[in-house]
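> Sequence and computational prediction follow.
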Amino acid sequence: MATKNKGKFKELYGILEDIPCEITTLDKAGIDFDIKETGKTFSENAILKAKEYAKLSGLLTLADDSGLCVDYLCGLPGINSARYIKGTDKDRYEHLLKQLENVPINKRTAVFVSIVALFDPKTKKTITKSGECRGSIAFEPKGANGFGYDPIFIVDKVNKHFAELSFKEKNQVSHRAKALRKIRRCLKNTFI
């Protein structure tokens, strides 16, 4: 799995743990190198990471690129969600809250997007799957779970902040979980 983000790894692993293969991290594969995300779309970045880390490891590699797209901000922070501003996750979501300071709730709609790419360095085959989760941006953070923008994102389906959901609850509705369940079917067909 091509991620150094512990929260993201936990989500990925939680959905794929029963696939009959060994799931390894970049650290365990001896890779301490960040791939520059130069793509213009989530898909381009996910494929880029999967291919580059697969070349370095020689292993079947799964990578995702995810982000928060706020309608009022014309899709920002989008593919730059993790790099929106320098600093911590909290710095980024507080900056976003300031940008939406006087915006009413009905104009704070947003969508979390995830593209998961799976690349096989032996066959050179790439598979991509997508997932989305619609919601809105809260006026203040809530909850202590999750990472990134989870404290300020209210999931439409459950009317709770992502950060208020348990790991299991989040994996029922999240953008990443939706994409991973599709990739999981491809992996199961490969290994079973």
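In hand now; what should we look at?
> does the spatially most central residue of the chain have beta-bridge partners, and which?
Most central in the chain under C-alpha atoms, centre = their mean is S66, positioned 3.7 Å from the mean C-alpha point. S66 has these beta-bridge partners by DSSP bridges: S114.
> What segments of this structure are helices?
With DSSP state H as the criterion, the chain has helices at 6-16, 42-57, 89-99, 167-173, 175-191.
> In the chain, where is pLDDT below threshold?
189-192 (pLDDT under 70).
> again, 50 this time
For the chain, the stretches with pLDDT under 50 are 192.
> one step back: residues in contact with the residue nearest to the centre of the chain?
K8, F42, S81, F112, V113, S114, I115, H175, R176 (C-beta atoms under 8 Å, 6 or more residues apart in numbering). Placement of C-beta: from N, CA and C, glycine included.
> same deal with R92?
P77, S81, A82, Y84, I85, G148, Y149.
> Look up the closest residue to the second one, ignoring the ones flanking it.
For S81, ignoring the flanking residues on the chain, the nearest one in space by C-beta to C-beta, 6 or more residues apart in numbering is G67 at 3.5 Å.
> could you check the distance from that neighbour over to A110?
Distance, G67 to A110, by C-beta to C-beta, to the nearest Å: 10 Å.
> got it, and G39?
21 Å.
> Ok, L97 next?
With C-beta to C-beta as the criterion, L97 and A110 are 12 Å apart.
> So G39 and A110 - more neighbours on which side?
Neighbours per residue, other C-beta atoms under 10 Å: of G39 and A110, the larger number sits with A110, 24 against 16.
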